[in-house]
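**Student:** give the three-dimensional model of this entry:
(2 chains)
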Amino acid sequence: DGGITQSPKYLFRKEGQNVTLSCEQNLNHDAMYWYRQDPGQGLRLIYYSQIVNDFQKGDIAEGYSVSREKKESFPLTVTSAQKNPTAFYLCASSIGGRDEQFFGPGTRLTVL
Amino acid sequence: AQTVTQSQPEMSVQEAETVTLSCTYDTSENNYYLFWYKQPPSRQMILVIRQEAYKQQNATENRFSVNFQKAAKSFSLKISDSQLGDTAMYFCALYSNSGYALNFGKGTSLLVTP
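**Tutor:** As a prediction, the model looks like this:
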């Protein structure tokens, strides 16, 4: 089955630690995205990538980093510089920007 | 700058009735795309409907239809014959060629009651 997966589903982190959230897709999509969702805030774009080995900052990139070494994978690292990392993180992919985005099931990150 | 506004944080409707969710947007582009996504309690985001701005005909998907008013920059979602499974957060989103990804509104929480 084609789809997009995220792992882990729940993640706990101590303050000062970096953590990496996984996102994998087998839809052969060029574009991939990371969003952060907080209550009452909708989805805010962290990073996006339109093609392998290329990515751009979104609206709230500070304290996050990404890589896009393979078409299928777009991991997100939440660094210790992110002041308030507790949130629900969604990864998505699409053929192009104007096309339907397919979303993963999300990762809930909690900082202890 | 592009903006998407959903002015109804919460709504409720009885089963089998019709409900309309509002969305207004702002963009300087003439060609753009509008979306409605649904996020049920499972938190899995699902596309409900997509509208291309250059198409005058309103998009329809089964019980879901939109009222696209380009001049007014309005894109409302109508759900007919509401079902309990329609209970979810609904997000309106905009993509234009001057942007790089979807711009989402803050969402409307819809509760369908028996």
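**Student:** contacts only, for residue 32.
**Tutor:** Chain wasn't specified; assuming chain A. A:23, A:25, A:48, A:49, A:68, A:74, A:91, A:92, A:93 (Cβ atoms under 8 Å, 6 or more residues apart in numbering or on different chains). Just so you know, the C-beta spots here come from the backbone N, C-alpha and C atoms, and that holds for glycine as well.
**Student:** um, chain B though
**Tutor:** Contacts of residue B:32 (Cβ under 8 Å, 6+ apart): B:53, B:94, B:95, B:96, B:97.
**Student:** any idea how far chain A is from the first one?
**Tutor:** Computed as Cβ to the nearest Cβ, to the nearest Å, the residue B:53 to chain A distance reads 10 Å.
**Student:** would you confirm that that residue contacts residue B:31?
**Tutor:** Yes - under the criterion of Cβ atoms under 8 Å, residue B:53 makes contact with residue B:31 at 5.9 Å.
**Student:** these two: which has the busier surroundings?
**Tutor:** residue B:53 (19 against 12; other Cβ atoms under 10 Å in any protein chain shown).
**Student:** what pLDDT does the residue nearest to the more buried one when sequence neighbours are not counted get?
**Tutor:** Nearest non-adjacent residue to residue B:53, counting by Cβ to Cβ, 6 or more residues apart in numbering or on different chains: residue B:32, 4.8 Å away. We have a pLDDT of 92 for residue B:32.
**Student:** which ones are touching the spatially most central residue of chain A?
**Tutor:** Against the mean C-alpha coordinate of chain A, by Cα atoms, centre = their mean, the closest residue is residue A:34 at 3.1 Å. Contacts for residue A:34 (Cβ under 8 Å, 6+ apart) come out as A:23, A:45-48, A:58, A:64, A:66, A:74, A:76, A:89-92.
**Student:** could you identify the most distant pair in those?
**Tutor:** A:64 and A:92 (15.4 Å; Cβ to Cβ).
**Student:** so the two - more neighbours on which side?
**Tutor:** The neighbour comparison of residue A:64 against residue A:92 (other Cβ under 10 Å) goes to residue A:92, with 26 against 21.
**Student:** tell me which parts of chain A are close to chain B?
**Tutor:** The interface of chain A toward chain B, taken as Cβ under 8 Å from any Cβ of the partner chain, is made up of A:33, A:35, A:40-45, A:48, A:50, A:56, A:58, A:88, A:90, A:92, A:97-98, A:100-101, A:103, A:105-106.
**Student:** if we use 7 Å, what do you get?
**Tutor:** By Cβ under 7 Å from any Cβ of the partner chain, the residues of chain A that approach chain B are A:33, A:40-43, A:45, A:48, A:56, A:58, A:88, A:90, A:97-98, A:100-101, A:103, A:105-106.
**Student:** residue B:110 bridge partners, please.
**Tutor:** For residue B:110, the beta-bridge partners under DSSP bridges are residue B:11, residue B:88.
**Student:** please name the nearest non-neighbouring residue to residue 18.
**Tutor:** Picking chain A for this. Residue A:18 sits nearest to residue A:79 (Cβ to Cβ, 6+ apart), 5.0 Å away.
**Student:** hm, I was asking about chain B
**Tutor:** Nearest one to residue B:18, counting by Cβ to Cβ, 6+ apart, is residue B:80 at 5.0 Å.
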